[in-house]
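>>> Fold the following.
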Amino acid sequence: MRLLLIHADYLEFKATEKTKIAEDTDVLEGRMEECLTVFTAVEREDEGNVEGIIKNALEEITKIAKNLKVNNIVLYPYAHLSSDLASPEVAKEILVEMEKRLKGIGYNVLRAPFGWYKSFKISCKGHPLSELSRKITGERIERDEGEREKRESTLYLLDVEGERLIELNRENIDEILKDGDLKALAYKELGLKNKEEGRGEPPHVRYIREKEICDYEPSSDHGHFRWYPKGKLLRDLLGDYVYNLVVEYGGMPVETPVMYNLENRAIREHADKFGERQYRFIQGDKELMLRFAACFGQFMMKRDMYILPRYLPLKLYELSTYSFRYEQRGELVGLKRLRAFTMPDMHTVCLNMEQAMEEFENQFWMCLKTGEDLNIPYSVIFRFTEDFFQENRDWFFKLAKSYRRSSRRWRN
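Numbering: from 1, shown residues only. Sure thing, here's the model as predicted:
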């Protein structure tokens, strides 16, 4: 079984047409708010252990629901998650039983009808745990290690004056955070709705069309843009700005392919951790993927290099035009969320942890310079493990104090 789990502000659907395997039902449309939407594909291998599949799927769904503190669950049959589907009879049996058992333990459940063509709308919350994928088997639940770490994460404010950490949560965030940009970032990280954030389409979507900067290309896949002359000029100028910034810093520009062969074990392992949101396809006897970042090419390049300690830190930079992520159609919003995008990507090889921390600090200031140069408001967030923070506590607060002294926002 394949699951794609979306923490959503809402999901709504409407059945539009029957297929030959459609179930008879009166539930042909529905809407649920503040929900965990579970897009589900039952696979051929699940037929050998139906009970194990149901048990493990429900265990994973309820764990995620409890972690997200949601009581509303949408079960949505979604055959597109797999190319090796179970028989319609078994798939319907499993979905109906999952609905029954979830209701039996107190969840509000909306199940979209099986075997119907449906239109749907979804609003993904967009926090780090709002999009998860799972491969369920009868024996065990396979999950990404990175997602396990995210589930256990906690958000803190670095109190520079008192040199202490203040844990942020739903109850205290408005009282503690006064800066609007920082509060918006914290709301997003905690998966909360920002009361100050507007609803509907972001203003930039109308702006980029009115000013003829760019727009969706209707003859391409959803989330792919065409860039008009003014927009292309803006992108090129921004690319030149970042190029000069990186080269002056000592970065070396490279160019790597946009497509990779998944027969390479290292590439497959890295790609599989990213989940279902990839462009993958078969060409001849090869399974290929379009990159979702420039990591693959840079890692392969560094692997084949002869690197001596005196060459370090070694900084390779690529403006990845393009990278691809197969975001859900209902989540695509202008330039904020799309499927083909340009991303400046630099990876640095360091000699040891001391050098790595020094490089991090240098690149931290380089990143903040872009906000100052382009007059773009920004806020800063660090991601760290508890052990690393405790071992380097003084370094974190030194960096935070330096930022506070030098930032234009604090000076003003």
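>>> For the rest of this, base every contact and every neighbour count on C-alpha atoms.
Will do.
>>> List the buried residues in the helix or strand where Lys55 lies.
Under the criterion of DSSP states H and E, Lys55 resides in helix 50-68. Going by neighbour count (16 or more other C-alpha atoms under 10 Å), the buried part of helix 50-68 is 50, 52-58, 61-62, 64-65, 68.
>>> Would you mind giving those residues as TSV with pLDDT added?
Converted to TSV, the buried residues of helix 50-68 look like this (pLDDT from 0 to 100):
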residue	pLDDT
Val50	89
Gly52	88
Ile53	92
Ile54	93
Lys55	91
Asn56	91
Ala57	93
Leu58	94
Ile61	94
Thr62	93
Ile64	92
Ala65	92
Leu68	90
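>>> List just the nearest of those to Leu81.
Nearest to Leu81 among the buried residues of helix 50-68: Ala57, at 15.2 Å, using C-alpha to C-alpha.
>>> what are the bridge partners for the residue nearest to that closest one when sequence neighbours are not counted, then?
Sequence neighbours aside, Ile136 is the residue nearest to Ala57 in space, at 6.2 Å (criterion: C-alpha to C-alpha, 6 or more residues apart in numbering). In this entry, Ile136 is beta-bridged to Ile141, by DSSP bridges.
>>> who does the helix holding Lys55 touch, helix- and strand-wise?
Identification of packing neighbours for helix 50-68 by 3 or more C-alpha pairs under 8 Å, 6 or more residues apart in numbering; DSSP states H and E yields helix 88-104, strand 131-136.
>>> What is the nearest of the buried residues of helix 50-68 to Gly180?
Leu68 (24.2 Å).
>>> quick one: that closest one and Ala8, what's the gap?
From Leu68 across to Ala8, the span is 11 Å (C-alpha to C-alpha, to the nearest Å).
>>> just to revisit the earlier point, using a markdown table, lay out the helices and strands packed on helix 50-68 together with mean pLDDT, mean neighbour count and distance to Gly284.
A markdown table is the format used below for these (pLDDT from 0 to 100; neighbours: other C-alpha atoms under 10 Å; distance: least, C-alpha to C-alpha, whole Å):
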| stretch | mean pLDDT | mean neighbour count | distance to Gly284 |
| --- | --- | --- | --- |
| helix 88-104 | 93 | 16 | 30 |
| strand 131-136 | 89 | 20 | 26 |
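>>> Take those and lay them out in TSV including distance to Leu168.
Shown next, in TSV, are those (distance: least, C-alpha to C-alpha, whole Å):
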stretch	distance to Leu168
helix 88-104	31
strand 131-136	22
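>>> Out of those, flag the one nearest Lys286.
When these are compared by C-alpha to C-alpha, strand 131-136 sits nearest Lys286, at 22.4 Å.
>>> could you pull out the strands for the stretch 101-250 of the chain?
With DSSP state E, counting those that start in this stretch as the criterion, the stretch 101-250 of the chain has strands at 108-111, 116-124, 131-136, 141-142, 156-159, 164-167, 214-216, 225-227.
>>> what residue ranges in the stretch 301-412 of the chain score low on pLDDT?
407-412 (pLDDT under 70).
>>> Which stretches in it count as strands?
Using DSSP E, counting those that start in this stretch, strands in the stretch 301-412 of the chain cover 314-324, 340-349.
>>> Pull the residues that contact the longest one.
Contacts of strand 314-324 with the rest of the structure, by C-alpha atoms under 8 Å, 6 or more residues apart in numbering, involve 239, 246, 250-256, 258, 278-279, 290-294, 298, 339-350.
>>> mind listing what Arg2 touches?
Thr40, Ala41, Val42, Glu43, Leu81, Ser82, Ser133, Arg134, Lys135, Ile136.
>>> Please apply the same query to Trp116.
Contacts of Trp116 by C-alpha under 8 Å, 6+ apart are Ala15, Thr16, Glu17, Lys18, Thr19, Ala22, Glu23.
>>> do Leu238 as well
Contacts of Leu238 (C-alpha under 8 Å, 6+ apart): none.
>>> Against Leu5, how distant is it?
35 Å.
>>> now do Gly191
For Gly191 relative to Leu5 (C-alpha to C-alpha), the value is 15 Å.
>>> again, but for Tyr243
Taken as C-alpha to C-alpha, the span from Tyr243 to Leu5 is 38 Å.
>>> and the two? which has more neighbours close in?
Between Tyr243 and Leu5, Leu5 has the larger neighbour count (other C-alpha atoms under 10 Å), namely 23 against 19.
>>> Mind listing the residues bridging to that one?
Under DSSP bridges, the beta-bridge partners of Leu5 are Val38, Leu132.
>>> swap in the one 10 residues further on?
For Ala15, the beta-bridge partners under DSSP bridges are Lys118.
>>> what sits against Ala400?
Contacts for Ala400 (C-alpha under 8 Å, 6+ apart) come out as Leu158, Val160.
>>> From Leu262, how far off is it?
According to C-alpha to C-alpha, Ala400 and Leu262 sit 41 Å apart.
>>> just to revisit the earlier point, output the helix holding Lys55 as CSV, nothing but the C-alphas.
This file holds the C-alpha atoms of helix 50-68, laid out as CSV (Å, rounded to 0.1, in the frame of the first residue of the first chain):
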residue,chain,number,x,y,z
VAL,A,50,-5.2,-7.9,4.1
GLU,A,51,-5.4,-7.8,7.9
GLY,A,52,-1.7,-6.9,8.3
ILE,A,53,-2.0,-4.1,5.7
ILE,A,54,-5.1,-2.6,7.5
LYS,A,55,-3.5,-2.9,10.9
ASN,A,56,-0.2,-1.2,9.8
ALA,A,57,-1.9,1.5,7.8
LEU,A,58,-4.2,2.4,10.6
GLU,A,59,-1.2,2.4,13.1
GLU,A,60,0.7,4.9,10.9
ILE,A,61,-2.3,7.1,10.1
THR,A,62,-3.3,7.4,13.8
LYS,A,63,0.2,8.2,14.8
ILE,A,64,0.5,11.0,12.4
ALA,A,65,-3.0,12.3,13.2
LYS,A,66,-2.1,12.4,17.0
ASN,A,67,1.1,14.1,16.2
LEU,A,68,-0.7,16.8,14.2
